[in-house]
Every structure is written in structure tokens, then in C-alpha cells.
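[1] Sequence first, then the predicted structure:
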Protein chains: 2
Amino acid sequence: MANKAQRAPRRTEALSRDVIVQAAVAILDAEGEEALTLRALTVRLATGYGAIYHHVADRDDLLGAAADHVIGRVVADIGGVADPREALRAVAMGLFDAIAAHPWVGAQLTREPWRPALLDVYESVSANLHALDVPERAVPDSAGALVNYILGVAGQNAANARALAASKLDRETFLANVAARWAQLDPVRYPAMHKAGRHLREHDDREQFLAGIDLILAGIAAVNHT
Amino acid sequence: MANKAQRAPRRTEALSRDVIVQAAVAILDAEGEEALTLRALTVRLATGYGAIYHHVADRDDLLGAAADHVIGRVVADIGGVADPREALRAVAMGLFDAIAAHPWVGAQLTREPWRPALLDVYESVSANLHALDVPERAVPDSAGALVNYILGVAGQNAANARALAASKLDRETFLANVAARWAQLDPVRYPAMHKAGRHLREHDDREQFLAGIDLILAGIAAVNHT
DNA sequence: ACCTGAACACCGTTCAAGT
DNA sequence: ACCTGAACACCGTTCAAGT
């Protein structure tokens, strides 16, 4: 055994905000939001608390930066789509997939919706609506409807991922449990949910999400053309 | 001064889950979500920790029950509206107003969307869509679009309320600050947000919310009738 | 400037002990 | 059954001290 005064090995390369954010993303992806503790970060980065606070204001700042890091890529990857309708669907799908892959991002977006990453989303949506010949004065409400819908789904996704993780079941049996609970609902008082319980197997979150986007786009077209 | 061994006066009436939930709602409304600590509850209820844990599983259970308590009333208060289109708008407006009055509810709904209260919302929305002659197989996606949109706005409202409280500014100057920050954005890279910054004064959250609901309803009508 | 890590001021939750 | 409150196992954050 080593001397008792021996300390954990310290890092040699300099710390930076970016290194910290990447470590945070890795922890969040691997173990979820509540696993991101300052202690876990000091261990992973082989450093002390003060070193982290030297580059980051507080835990919320870090969580926000981590979300920006993930979402930033999505918006950047869209640019090339020419057809505005397809571009809108691409932004929506890109966000959906990013949030499905990193559920903690969904929770973060609903918590701090004014983050730079969402600014770009808002801007991109607005520009594409403009390209769709939506009248100037109708753009803000239309963009708001789309973005708020996306944020709603994002929140749901995050909540589902949390529930799935907490249940410690695999996805299959977890869904079966949800379906069973719904199917047990009184079919007189809760006819729609009762029925949904019987169709959950063939339910596809991604398809339903896109259907919602198309519904809103159809509404925007209907309101502005007649 | 009294004896140092003197203790805080204890309550005489029995505690109950309902009394605890009401106390929680009072704290949440007055001081926001992070003010709801177990310690604050013991003080307010003049009791001990164990007494609370005897009626409530944990803090999350309590937060959920508090949200149900607020949302339950909203759905119950709608029932009477005959025209399905008006009933849908009434549900949406009821939720919006409840969340505006109790912003912590918005955060809670996005965190645990399977709560009983939301079940009733989903059911009510589905029934009214059915009454609007939306085909059976289109109801789930349509209801999902509406509910997810509502949840998205709910989350935004909660986030705005948190930011407003944290800023310790009054609503007026807080909005002016936001508008100023947006107006400062590069008008080339962020034309839509730049412009939005100049119109924030005349912006009405409630009106924009309803515009979104109408947009989605128009989309549902357009997709299903052609 | 950048980093260390003990210490501080909190949390939610438990549980032996009381009535 | 219902309640008490000290104690436990954590948090995020600070700051005097080091390099």
C-alpha cells in the first residue's frame, strides 16, 4: 500500500470551459441529469471544485452550456435544405432526434428557453416560414406555435426517459406496463385513454411528432391562404 | 424570556394528506418551487418530518399532488361548454390561466405529464375532437399536438416566472431588458428576433397562446376535410 | 491566473423513540 | 396509528491558501 498522504493523480493539461462542458455532457448522457454533481466532475476531471468554478459560474450555467453544445450542432447541420417546408421538418426532426439521444436536453430547453441554441432555432423557423410566404405579421405566432410544440414534446421525452430510467425496466416491459395501466382505466370515464392503451404497441413517438408538425404547418397554410 | 427547554407549539387537529397538499400549494404560490422544503412545511404545519412522510411518499409525490390539486379544478370547471370548438379553447385558456397564476404548475406538468390531472385534459380534448367530427384514427395525433403545445407554453411560462423572480425586477423593466437584449442582436444574423425585440411591448402572451391553439385547430380541420 | 480541498450552509430522508 | 426530531448521507458553493 502507498503512503496514506498520497493524493489522487492531478491532471497536467490546463482545464478549460470546453473541456468541462464535454465532461458534463458525457456524464449526463451516461447517467442522467441527477448524476451531474460537482463532485462527479472533480473526479472525472481529476481536479478540485475551485478549478471548475473558475471556468463556470454555477451548475445551471454548466447545464445550459451543455445543452447549447448539443443543440448547436443540430441547427448548424440543417443549413443546406432548400425547400422551406422540408427545412422546417428537418429542424424539427433534428431536435427530436437530438433530444431522444440526450433526454436531459429536453428538460433543459423547457427550463431555460432563452438559451442561444434556441435563438437559432427560432430564427431558422421564422426564416423558413417567411420563405413559405407566411405574411410578416403572422410569422411570430406561427413560429411560436411550432417552437412551443417542439418544446412540449421535448419535455415529454425527457420525462419519459426519467421514468424509464427510474423504473429500471427495459423499454419493452416499461411500455407494456404503461399500456396495461391505461387499459385498466374506466372505459366510460376515460374512453380515449382506455383505447390508447390498446394501441400503444403500434405507437411511434417519432411519427406522432412529425404528424403534429404537419398539422401545425397545415394550419398555418389554411389560416394564411383562403 | 421562556425556559430554554420550551418547544414550538404543536398542532392539535390531526394532519392529513389534504392539509399538507394545501400548505404546499400556499408555499409554492407565495415563494416559488425552491421554497418548498420539508423544513418549511414542518414550520408552517407546526409538526415534524415524520408526520409529513406518514401522509406523503416524498417531495416529488407532494409536488405532483399539488399540481393535481390546481389542475383538477380547471378541468372540472369546463364541463358545461356545449360547442366543442369553444370547449377546446376553454380547456386551453383554463390551463393557461391556471399556469400563469401558479407558474410552478407549468414546470411540474412538463416533469410528470402522466399525472391524473393531465389524463383528464387529454380525455377532454379527445372527446371534443371527436365531437368536431375528427375521424377516430386522427384523434390521438391531433390531441397530442394540442396537449404538447399547451405543455410547451406551460414550460415557457414557468421558466419566465422563474427568471422574473430571480431578476428581482418588476415585470415592466424585466420585459424592457429582454426587449433590449433582443434588439441588440445582429439584424443580419437574427432578423426575426431583432424585429421581435422591437414589438415586445405590444406582445400579449395570452393572445399568442390562443392564436397557436386556433392554428392547430385550423390544421386539424384542413387535414381531415379537404 | 489557475488551482486545491477543507469547510459551510444547506438539502431530503430515515428511524428509534415516544404517545 | 400517528407523530417527534436528532442524525445521516448527501448536495452546491465559497475561500484561504498554495503554485
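    Nice, thanks for sending it over. Residues are numbered from 1 along each chain as shown, chains lettered A, B, ... in the order given.
[2] now the closest residue to A:His54 other than its chain neighbours, what's its secondary structure?
    Ranked by C-beta to C-beta, 6 or more residues apart in numbering or on different chains and with sequence neighbours excluded, the top spatial neighbour of A:His54 is A:Leu15, at 7.6 Å. Yep, even glycine has a C-beta here, placed from its N, CA and C like the rest. Of the three states, A:Leu15 takes coil under DSSP: H, G, I helix; E, B strand; the rest coil.
[3] For burial, what's the neighbour tally of A:Leu15?
    16 (other C-beta atoms under 10 Å in any protein chain shown).
[4] Tell me the spacing between it and A:Leu36.
    17 Å (C-beta to C-beta, to the nearest Å).
[5] Please report phi then psi for A:Pro191.
    phi -60, psi -40 (degrees, to the nearest 10).
[6] tell me the contacts of the residue nearest to A:His54?
    Going by C-beta atoms under 8 Å, 6 or more residues apart in numbering or on different chains, A:Leu15 touches A:45, A:47, A:51-52, A:54-55.
[7] do that again at 10 Å, thanks
    Applying C-beta atoms under 10 Å, 6 or more residues apart in numbering or on different chains to A:Leu15 gives the contacts A:23, A:45-47, A:51-52, A:54-55.
[8] before we move on, what about A:His102?
    Going by C-beta under 10 Å, 6+ apart, the list of residues near A:His102 reads A:25, A:28-29, A:66-67, A:69-71, A:108, A:157-158, A:161.
[9] Swap in 8 Å and give it another go.
    A:His102 touches A:25, A:28-29, A:70, counting by C-beta under 8 Å, 6+ apart.
[10] Out of those residues, which is nearest to B:Val153?
    For these, the residue nearest B:Val153 by C-beta to C-beta is A:Val70; the value is 23.1 Å.
[11] wait, doesn't the closest one sit right on A:Val25?
    Yes. The pair A:Val70 / A:Val25 is scored as a contact, 6.8 Å apart, by C-beta atoms under 8 Å.
[12] Can you show me the helices along chain A?
    Ranges of helices in chain A, per DSSP state H, are A:17-31, A:38-45, A:49-55, A:59-78, A:84-101, A:103-111, A:116-131, A:139-167, A:171-183, A:191-199, A:205-225.
[13] Identify the spatial nearest neighbour of A:His55, chain neighbours not counted.
    A:Arg17 is the one closest to A:His55 (C-beta to C-beta, 6+ apart), at 4.4 Å.
[14] residues touching the most centrally placed residue in chain A, list them.
    Closest to where the C-alpha atoms of chain A average out (C-alpha atoms, centre = their mean) is A:Gly106, at 2.7 Å. With contacts defined as C-beta under 8 Å, 6+ apart, A:Gly106 is in contact with A:99, A:154-158, A:161.
[15] give me the number of residues near A:Ala166?
    A:Ala166 has 11 nearby residues by other C-beta under 10 Å.
[16] Model confidence at it, what's the number?
    Looking at A:Ala166, its pLDDT reads 84.
[17] and if you look at A:Arg11?
    68.
[18] before we move on, what about the one 3 residues further on?
    Reported pLDDT at A:Ala14 in the predicted model: 80.
[19] Give me the number of neighbouring residues for it.
    7.
[20] Just read off the phi/psi values of it.
    According to degrees, to the nearest 10, A:Ala14 has phi -70, psi 150.
[21] Tell me how far A:Gly212 lies from A:Gly219.
    Counting by C-beta to C-beta - A:Gly212 and A:Gly219 are separated by 11 Å.
[22] for A:Ala100, same thing?
    In terms of C-beta to C-beta, A:Ala100 sits 25 Å off from A:Gly219.
[23] Same question for A:Asp170.
    Counting by C-beta to C-beta, the gap from A:Asp170 to A:Gly219 is 38 Å.
[24] Those two: who's more crowded?
    A:Gly219 (25 against 10).
[25] My understanding was that A:Val75 contacts A:Val125; is that so?
    No. Look at A:Val75 against A:Val125 with C-beta under 8 Å: they stay out of range, at 10.1 Å.
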